[in-house]
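J.: from the sequence below, what's the structure:
(2 chains)
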Amino acid sequence: MARRTGHGATPRRRQRRSGGWAQRLVPRTRRRRDRPRSRRAPPAPLLYLLRHGQAAARALAWARSAPVHSLLTAAVVGIALALPAVFMLALANAERVAGGWGAGAPRISLFLEQDAGTETLQRRADAIAERPGVAGVEPITPEEALAAFRADSGLDAALELLDENPLPPVLVVTVEPSLSPSEVSRLADRLAGTEAIARMRLDQAWVERLHAILALAERALWSTGALLALAVVLVVGNTIRLTIESRREEVEIVKLIGGSNGLVRRPFLYEGLGYGLLGGGIAWGLTGLGRWSLAGPAERLAEAYGTAFTLSGLGLGNGLLLLLIGAGLGVLGAWTAVARHLAAIEPR
Amino acid sequence: MIRLDRVSKRYQQAGRDGLRGVSLAVGEGELVFVTGHSGAGKSTLLRLIPRLERPSGGRVLVGGVDVGQLPRRKVPLLRQRVGVTFQDHRLLADRTVFGNVALPLEIAGIPRREAARRVRAALDKVGLLGKEGAYPVTLSGGEQQRAGIARAVVNRPPVLLADEPTGNLDPGLSDEIMRLFTAFTGIGTTVLVATHDMGLVDRLGHRTLSLREGELVADRPAREAA
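T.: Purely as a prediction, here's the structure:
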């Protein structure tokens, strides 16, 4: 400005130029290069990016001026996000294990009398296979059953002690998948009353129960997840509220010299975003840590059951999703605080 | 440039009038003193222009725009065009002098290099070039005052409002600052200076508006010599 005087711009010249400057309050495109370009800056992409960069830098500077508080907030966010994430992982793993058992049509196990021979077994199998609603019948002789049991249970030594095979011949009946649970149980009851069948077991109830339990757990996961998400929003919102309080003077001054609400708001939103992202990262780390610490025991457990099973982790996709959720909740929390408290600050 | 049309301002909570039916017009490139005792309405008058307050009655026109009717989202644009200096400086404690003065340019989105050039020019004008890296708390009252002035003028606003700009300055500096303000009028800036320093007012002989209890009691035109 001083320079201009030096160059001897006359009042008149200036007058012509600045005449009707206030019309710039109304959108207008024409602009002189040497004028402050602020007035009605249409956010050119570069300028826009610059402003966001400035806001982010400002948020970072604020966070660094209170590092302990900022880290605590991020840690709380991280833990709140880690809880549902761990829960979800546990559920996913449980479903994976259960999936092996529960999939497909229900099966009816028919235990024949102990002394029924192979011939009877085969005859009964053929007869039952003819019945409506039966998809297939698999006869299992006592010898086959013992061999399978040996392989699966790991109780070799104990089985060696037995003088004779205690297992009865079995017919495993696969039911048509179209049958409803009640039809399946009626069919099972009818089969149980036929010739040479000693006992019947329908492997349906416990599968149903398991699935009901998993569904319940899933529902519980969603509701705890929602509550914890709410907690994240509130925690971030509260932190941002405190930042707004401590930056009251700055907000006033920026508004005073023409900072728009958007400009004033942005650093706070970035602060919320930062807490969310950092919290999401912490949550990701925590689930990884949890999986690592449980991997050994889980493997030993699986080994004890004679199956190969490894705990699955979040994976890249879900990890990024966790970050995204954290970021979203952080911004949302910041927004609630900003909407409530920032508008109330008007310059004195 | 600035026109007040029977403007009144009543403070509901305090139950007193800030201004009562004030009408006046200030042209482009004019430097006008606003004088009066504290509570006479000087500050109220100044606060109406960048819409820090809205008039209770009448119209305030800045550059032909009725600021009382300005939609909220346009208020920032008005404030970017009106430079204000405050009695209590209102500098940000966590920014250096340079950072404080650069703030309006940042808001306006001026590129950094251009901004730095203008900030230095403004600081040079108020004699604070050597203090650009200092934080406001380390400055004297007069230096803070001058930093505030540099911030108000750095964006070359068409309107400059100064509330007791020389309150903390010794006479030599006061004159220096007033010369600076006068120089701005030379490039078309309209300057309103609220002061109760009658010595300064008399010495410089600019147009002077006198307020008493919210009413405009005198409008003395500028002396030819000034």
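J.: how about the residues of the stretch 51-200 of chain A by chain B?
T.: With Cβ under 8 Å from any Cβ of the partner chain as the criterion, the stretch 51-200 of chain A meets chain B at residues A:51, A:54, A:61, A:65. For the C-beta atoms, the positions are set from N, CA and C on the backbone; glycine is no exception.
J.: put the alpha carbons of stretch B:167-180 into CSV.
T.: The C-alpha coordinates for stretch B:167-180 follow below in CSV (Å, rounded to 0.1, in the frame of the first residue of the first chain):
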residue,chain,number,x,y,z
GLY,B,167,-3.7,6.0,22.9
ASN,B,168,-0.5,4.1,23.8
LEU,B,169,1.8,6.1,21.7
ASP,B,170,4.1,9.0,22.5
PRO,B,171,3.5,12.2,20.6
GLY,B,172,6.2,11.5,18.1
LEU,B,173,4.8,8.1,17.2
SER,B,174,1.3,9.5,17.2
ASP,B,175,2.2,11.9,14.6
GLU,B,176,3.9,9.2,12.6
ILE,B,177,0.8,7.0,12.7
MET,B,178,-1.4,9.9,11.8
ARG,B,179,0.9,10.7,8.8
LEU,B,180,0.5,7.1,7.8
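J.: for residue B:31, what are phi and psi?
T.: Backbone torsions of residue B:31, given as degrees, to the nearest 10, read phi -110, psi 120.
J.: could you pick out the longest helix of chain B?
T.: Among the segments of chain B that qualify as a helix by DSSP state H, the longest is helix B:171-186.
J.: list the buried ones in it?
T.: Going by neighbour count (16 or more other Cβ atoms under 10 Å in any protein chain shown), the buried part of helix B:171-186 is B:173, B:174, B:176, B:177, B:178, B:180, B:181, B:183, B:184, B:185, B:186.
J.: before we move on, what about stretch B:26-38?
T.: Buried residues in stretch B:26-38, defined by neighbour count with 16+ other Cβ under 10 Å: B:26, B:28, B:29, B:30, B:31, B:32, B:33, B:34, B:35, B:36.
J.: with pLDDT as extra columns, can I get those in a markdown table?
T.: A markdown table is the format used below for the buried residues of stretch B:26-38 (pLDDT from 0 to 100):
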| residue | pLDDT |
| --- | --- |
| B:26 | 93 |
| B:28 | 90 |
| B:29 | 90 |
| B:30 | 91 |
| B:31 | 92 |
| B:32 | 93 |
| B:33 | 93 |
| B:34 | 93 |
| B:35 | 92 |
| B:36 | 89 |
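J.: sketch out the helices for chain B, chain order is fine.
T.: Counting by DSSP H, the helices of chain B are B:42-48, B:75-80, B:97-108, B:112-125, B:141-153, B:171-186, B:198-204.
J.: can you lay out those as CSV showing distance to chain A and mean pLDDT?
T.: Below are those laid out as CSV (distance: least, Cβ to the nearest Cβ, whole Å; pLDDT from 0 to 100):
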stretch, distance to chain A, mean pLDDT
helix B:42-48, 9, 90
helix B:75-80, 3, 91
helix B:97-108, 3, 91
helix B:112-125, 5, 91
helix B:141-153, 6, 90
helix B:171-186, 5, 86
helix B:198-204, 18, 85
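J.: list the contacts of the residue nearest the centre of chain B.
T.: Geometric centre of chain B, nearest residue: residue B:161, 1.4 Å, by Cα atoms, centre = their mean. Residues in contact with residue B:161, defined by Cβ atoms under 8 Å, 6 or more residues apart in numbering or on different chains, are B:46, B:49, B:50, B:82, B:83, B:84, B:85, B:152, B:191, B:192, B:194.
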